[in-house]
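S.K.: return atomic coordinates for the entry below.
(2 chains)
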Amino acid sequence: AQSVTQLGSHVSVSEGALVLLRCNYSSSVPPYLFWYVQYPNQGLQLLLKYTSAATLVKGINGFEAEFKKSETSFHLTKPSAHMSDAAEYFCAVSGTGANNLFFGTGTRLTVIP
Amino acid sequence: GAGVSQSPSNKVTEKGKDVELRCDPISGHTALYWYRQSLGQGLEFLIYFQGNSAPDKSGLPSDRFSAERTGGSVSTLTIQRTQQEDSAVYLCASSLLAGGQTGELFFGEGSRLTVL
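M.R.: Below you'll find the predicted structure:
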């Protein structure tokens, strides 16, 4: 079985500050891990994914995430927040051969000018 | 169309009525998913279709919920005898292959259901 926990339902950062959104996973098989972003009144779109290749994954809009097996974590970071990054971010997990993604409860990111 | 299309975008109904939500996936995508997004609850998996295989219905919360996918393309999610707790945004997603293996699900903008 797979699941993810996102710590912090709301995160606020100043424009230009570091963004750190936390995700911890649980999986009985080697996991695939994903971050999705949802802008207001839109569907989710894939930001980046880890599928057992490089542990540091780079995505769109300057975001990246690092897979740390020892910590069962896949935190999302961005060095400098932009106003346009304000959105809801979802971490998701699946297992090798699995058909389904299991999503976390989401973290709403607010960027303060 | 270029993306996943869902209709209606908004639906207000009275408790006890039936509703149908429609999803048009991206052409050629064999996998189709329905999720429910409730405030503070994240995305809840409902049902998964893959090609002509029997659907994975393990996420449907009760027998009031059902879904079908005709001709391997358009899908309809039906909720019978709606209850207030059914109020949520229902998201449809499609994927070229089994989404769990690639993670590349393409989502529609959702159907917001309000049950009065």
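S.K.: which ones are touching the nearest residue to A:Val19 once chain neighbours are set aside?
M.R.: Using CB to CB, 6 or more residues apart in numbering or on different chains and skipping residues adjacent in sequence, the residue nearest A:Val19 is A:Lys78, 4.1 Å away. (Glycine included, C-beta is placed from N, CA and C.) In this structure, A:Lys78 makes contact with A:Leu18, A:Val19, A:Asn61, A:Gly62, A:Phe63, A:Glu64, A:Asp85, judged by CB atoms under 8 Å, 6 or more residues apart in numbering or on different chains.
S.K.: from the residues you listed, which two are the most distant?
M.R.: The largest separation in the contacts of A:Lys78, counting by CB to CB, is between A:Leu18 and A:Asn61 at 14.7 Å.
S.K.: and the gap between the residue nearest to A:Leu76 when sequence neighbours are not counted and chain B?
M.R.: Distances taken as CB to CB, 6+ apart place A:Leu21 nearest to A:Leu76, at 4.3 Å, with adjacent residues excluded. According to CB to the nearest CB, to the nearest Å, A:Leu21 stands 14 Å off from chain B.
S.K.: residues from chain A in reach of chain B?
M.R.: Proximity of chain A to chain B, by CB under 8 Å from any CB of the partner chain, involves residues A:9, A:32, A:34, A:41-46, A:49, A:51, A:90, A:92, A:94-106.
S.K.: residues contacting the helix or strand where B:Val12 lies, please?
M.R.: Using DSSP states H and E, B:Val12 maps to strand B:10-13. By CB under 8 Å, 6+ apart, the surrounding residues in contact with strand B:10-13 are B:Val19, B:Leu21, B:Thr82, B:Ser111, B:Arg112, B:Leu113, B:Thr114, B:Val115, B:Leu116.
S.K.: could you measure from the first one over to chain A?
M.R.: When distance is defined by CB to the nearest CB, B:Val19 is 20 Å away from chain A.
S.K.: do a quick rundown of the strands in the chain.
M.R.: Using chain A here. Remark: strands assigned in chain A by DSSP state E are A:2-7, A:10-14, A:19-27, A:31-38, A:44-50, A:56-58, A:64-68, A:73-78, A:87-95, A:102-103, A:107-112.
S.K.: you answered for a different chain; I wanted chain B.
M.R.: Using DSSP E, strands in chain B cover B:5-7, B:10-13, B:19-24, B:31-38, B:42-50, B:65-69, B:75-79, B:88-95, B:106-107, B:111-115.
S.K.: pass me the low-pLDDT residue ranges in chain B, would you?
M.R.: Along chain B, the model assigns pLDDT under 70 to residues B:1, B:40, B:98-103.
S.K.: center of chain B - which residue?
M.R.: B:Trp34 (3.0 Å; CA atoms, centre = their mean).
S.K.: show me what contacts that one?
M.R.: Going by CB under 8 Å, 6+ apart, B:Trp34 touches B:Cys23, B:Leu46, B:Ile47, B:Tyr48, B:Ala67, B:Ser75, B:Leu77, B:Tyr90, B:Leu91, B:Cys92.
S.K.: redo that, cut-off 6 Å
M.R.: Counting by CB atoms under 6 Å, 6 or more residues apart in numbering or on different chains, B:Trp34 touches B:Leu46, B:Ile47, B:Ala67, B:Leu77, B:Cys92.
S.K.: what does A:Asn24 give?
M.R.: If you count contacts by CB under 6 Å, 6+ apart, A:Asn24 has them with A:Thr5, A:Thr72, A:Ser73.
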